[in-house]
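Colleague: show me how the following folds:
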Amino acid sequence: SGGLRLSELLNIEICDVDSTDMVIHIRMAKGKKDRKVMLSKVLLTDLKTYFKEYQPVKYLFEGQGNEQYSAKSVQNVVKFAAQRSGIAKHVTPHTLRHSFATHLLENGTDIRFIQELLGHQSVKTTEIYTHIADISKSAIRSPLDML
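Modeller: Sure thing, here's the model as predicted:
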């Protein structure tokens, strides 16, 4: 829902999810900077179900023994989800990050807002992610809320 880097996803603590302001706090991301990303209504509903079932203690996503979920485990979850969906292409968590940015841009979100959401220092990096140069302005909405 937020175009996160894998390391950012793994480091989200329960207290970082703010359902009042509908944001997730990303702390000490790349470049040791904090930022906020949108929390979609769809994701919030899924997270509530997830909390009830798994009851994480510290990190949003925990493995056995309440330890931080591993990067390899997340990569496998994404890989198997893509296979179950019939996607033949090699899909990684980073593919989802690219897709998030591309969908926002295709729906008219200003590239500077996408830059901020992705935590890029330079808009040039964001342009590489999106592979699209023609940009129009609009309000930001999560791609999940557009389904």
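
Colleague: low-confidence ranges in the protein?
Modeller: Along the chain, segments meeting pLDDT under 70 span 1, 129-141.

Colleague: show me how it divides into domains.
Modeller: In terms of domains, the chain is parsed into 1-69, 70-139 (source: automatic domain parsing).

Colleague: same list (these) but as CSV, adding mean neighbour count and distance to Leu147.
Modeller: No exception for glycine: its C-beta is placed from N, CA and C like everyone else's. Below are these laid out as CSV (neighbours: other CB atoms under 10 Å; distance: least, CB to CB, whole Å):
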stretch, mean neighbour count, distance to Leu147
domain 1-69, 15, 7
domain 70-139, 15, 10
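
Colleague: Asp145 is nearest to which of the ones you listed?
Modeller: domain 1-69 (4.9 Å; CB to CB).

Colleague: so which strand or helix has Thr45?
Modeller: helix 41-54 (DSSP states H and E).

Colleague: other SSEs contacting that helix?
Modeller: Applying 3 or more CB pairs under 8 Å, 6 or more residues apart in numbering; DSSP states H and E, we find helix 41-54 packed against no helix or strand.

Colleague: would you state the helices of this protein in chain order?
Modeller: 6-10, 41-54, 71-84, 93-106, 111-118, 123-130 (DSSP state H).

Colleague: who are the neighbours in contact with Ser99?
Modeller: Ser99 sits next to Pro143 when contact means CB atoms under 8 Å, 6 or more residues apart in numbering.

Colleague: correction: Lys41
Modeller: Lys41 makes contact with Met22, Ser142, Asp145 under the criterion CB under 8 Å, 6+ apart.

Colleague: could you measure from Ala29 over to Leu43?
Modeller: 19 Å (CB to CB, to the nearest Å).
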